[in-house]
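[1] what would the 3D arrangement of this be:
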Amino acid sequence: MGVLPGVTKVARRCLESHDPILKTEVAGLRFDNPIGLAAGWDKNGRALRMLDALGFGLVEIGSVSARRSSGNPKPRLFRLPQDSAVVVNYGLPNDGAEIVAKRLESHRGRLPLGANIVKTNDGANAPACSDEQILSDYEFSTRRLHPHADYLMFNLSCPNAQGGKSFFAKPGNVERLLERLAPLQIQSPVFLKIAPNNDPGHLDRLLTQCERFDFVRGFCFNLPSQKPPLSVAPEHLIDKPGAVAGRPIAALINDCISELYRRMDHDRYIVIGAGGVFTPQDAYDKIRLGASLVQVYTSMIYEGPSVVKRICTGLAELLKRDGFNHVSEAVGNAHR
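    Numbering: from 1, shown residues only. Next comes the predicted model:
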């Protein structure tokens with residue numbers, strides 16, 4: 001995406017926050033602040049130069065699949081302003097890993113860049129995928145993208161990836177994927193984007209599957225496949241298929257972050273918190289429950305890029321109010 005000369009400099013002056021209390025280092029990466037842009041906004045890495053100037057601490061592109069996908073028919077994004085939410089039914093449209101990787105080759109950004117990888121959505125009428133096809137899909141994208149990203153996020157729970165979601169719900173299949181990826185010698189940290197689940201047994205089994213793969217450094221919870229309670233009547237959602245993002249899922253995600261943080265090895269893993277982050281307090285809540293980094297999506301839709309500086313500025317004030325010298329000191333503080 002082209003950017004007019006001088007625009008990025010002006011944007012940085014207006015939108016960046018430089019409070020040192022927000023600087024952090026996790027999984028071997030350094031961040032000017034812990035507030036990032038979640039995958040789904042820039043699906044193909046076309047807007048990186050612009051996003052680099054909006055005050056984020058990190059930017060994640062995608063989801064990107066092995067093959068190009070046109071996604072679901074339009075309309076496929078529905079606003080629910082009374083709930084500060086959107087219904088997302090994009091169906092993973094993207095240019096495919098080969099093209100996106102070539103685009104990233106020339107990118108020289110200032111921020112840590114994440115690439116979100118997902119199983120190709122071949123459409124509702126496509127034949128069922130074999131296990132080998134699913135694993136090969138992820139492997140192909142990983143080979144193409146990992147040299148060009150500072151971290152990888154494997155989307156293992158998207159309802160729009162035919163076969164992908166049910167595949168990783170089966171015991172042992174997360175471990176099968178990690179075994180497939182291990183020979184690639186991925187140098188950048190890997191995070192797993194998983195379905196929201198705060199069941200201790202489920203989380204323990206996930207951690208066991210990841211235990212022997214040192215490149216796995218953390219987790220992020222995806223959108224729930226079931227719609228949460230909303231102010232809009234259910235009959236008004238019949239023509240709005242997809243998953244809900246925004247404020248209505250915040251409590252569920254926070255519960256999941258809290259339970260996972262209690263059970264994981266803090267010296268090895270981190271949590272990236274996403275879901276319903278509109279205010280500094282929203283971000284602070286996730287950090288205190290165990291998230292080292294926080295991502296926004298829906299608030300960018302409703303409020304635009306100014307929300308990033310507002311969250312960063314307010315978050316710094318909350319940290320200072322509570323006597324923290326550094327944002328990392330607040331991670332998981334609710335459990336102490």
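
[2] pick out the residue nearest the middle of this protein.
    Ala38 (4.4 Å; Cα atoms, centre = their mean).

[3] and the pLDDT for that one?
    Looking at Ala38, its pLDDT stands at 98.

[4] for the protein, which residues score under the pLDDT cut-off?
    Within the chain, the stretches with pLDDT under 70 are 1-15, 159-165.

[5] all strands of it, in order?
    Secondary structure of the chain by DSSP state E: the strands cover 24-26, 29-31, 35-37, 58-64, 77-80, 85-88, 113-117, 151-155, 190-194, 216-221, 243-246, 270-274, 291-296.

[6] which residues sit against the longest one?
    When contacts are defined by Cβ atoms under 8 Å, 6 or more residues apart in numbering, strand 58-64 is touched by residues 29, 31, 36-40, 42-45, 48, 51-52, 92, 94-97, 100, 109, 111-118, 141, 145, 153, 155, 158, 293, 295. Yep, even glycine has a C-beta here, placed from its N, CA and C like the rest.

[7] rewinding a little: could I get the strands of the chain in JSON lines, plus columns for distance to Ala330?
    What follows is the strands of the chain, written out as JSON lines (distance: least, Cβ to Cβ, whole Å):
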{"stretch": "strand 24-26", "distance to Ala330": "10"}
{"stretch": "strand 29-31", "distance to Ala330": "14"}
{"stretch": "strand 35-37", "distance to Ala330": "14"}
{"stretch": "strand 58-64", "distance to Ala330": "18"}
{"stretch": "strand 77-80", "distance to Ala330": "31"}
{"stretch": "strand 85-88", "distance to Ala330": "27"}
{"stretch": "strand 113-117", "distance to Ala330": "22"}
{"stretch": "strand 151-155", "distance to Ala330": "22"}
{"stretch": "strand 190-194", "distance to Ala330": "20"}
{"stretch": "strand 216-221", "distance to Ala330": "17"}
{"stretch": "strand 243-246", "distance to Ala330": "24"}
{"stretch": "strand 270-274", "distance to Ala330": "12"}
{"stretch": "strand 291-296", "distance to Ala330": "10"}
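
[8] pull out the buried residues from the contacts of strand 58-64.
    29, 31, 36-40, 42-45, 48, 51-52, 92, 94-97, 100, 111-118, 141, 145, 153, 155, 158, 293, 295 (16 or more other Cβ atoms under 10 Å).

[9] tell me how far the ends of stretch 82-92 are from each other?
    By Cα to Cα, to the nearest Å, the extent of stretch 82-92 from end to end equals 26 Å.

[10] and stretch 257-270, by the same measure?
    OK, stretch 257-270 end separation, Cα to Cα: 10 Å.

[11] do the same with stretch 59-76
    Using Cα to Cα, the two ends of stretch 59-76 sit 23 Å apart.

[12] show the contacting residues for Asp32.
    So Asp32 contacts 16, 18, 22-23, 57, 111 (Cβ under 8 Å, 6+ apart).

[13] which among those residues end up buried?
    16, 22-23, 57, 111.

[14] CA atoms only: put stretch 286-303 into PDB for me.
    Taking Å, rounded to 0.1, in the frame of the first residue of the first chain, the C-alpha atoms of stretch 286-303 are listed here in PDB:
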ATOM      1  CA  LYS A 286      -5.600  -8.800  30.700                       C
ATOM      2  CA  ILE A 287      -2.000  -8.000  31.700                       C
ATOM      3  CA  ARG A 288      -2.700  -8.500  35.400                       C
ATOM      4  CA  LEU A 289      -4.400 -11.800  34.700                       C
ATOM      5  CA  GLY A 290      -1.300 -13.100  32.800                       C
ATOM      6  CA  ALA A 291      -1.000 -11.500  29.300                       C
ATOM      7  CA  SER A 292       2.500 -10.200  28.400                       C
ATOM      8  CA  LEU A 293       1.200  -8.600  25.200                       C
ATOM      9  CA  VAL A 294      -2.300  -7.400  24.300                       C
ATOM     10  CA  GLN A 295      -3.900  -7.100  20.800                       C
ATOM     11  CA  VAL A 296      -6.700  -4.900  19.500                       C
ATOM     12  CA  TYR A 297      -9.000  -5.400  16.500                       C
ATOM     13  CA  THR A 298     -12.600  -4.300  17.100                       C
ATOM     14  CA  SER A 299     -11.700  -1.100  18.800                       C
ATOM     15  CA  MET A 300      -9.700  -0.100  15.700                       C
ATOM     16  CA  ILE A 301     -12.800  -0.600  13.600                       C
ATOM     17  CA  TYR A 302     -14.900   1.700  15.900                       C
ATOM     18  CA  GLU A 303     -12.400   4.200  17.100                       C
END
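
[15] figure out how far it is from the centre of its chain.
    Relative to its parent chain, stretch 286-303 has a centroid offset of 10 Å by Cα atoms, centre = their mean, to the nearest Å.

[16] please list all residues in contact with Pro196.
    Pro196 touches 221-224, 249, 252-253, 256, counting by Cβ under 8 Å, 6+ apart.

[17] which ones among those map onto helices?
    Secondary structure from DSSP state H places 252-253, 256 of the contacts of Pro196 in helices.

[18] quick one: buried residues of stretch 57-68?
    57-66, 68.

[19] how far away is Asp122 from Ala97?
    For Asp122, the distance to Ala97 (Cβ to Cβ, to the nearest Å) stands at 15 Å.

[20] I appreciate the help and will end here.
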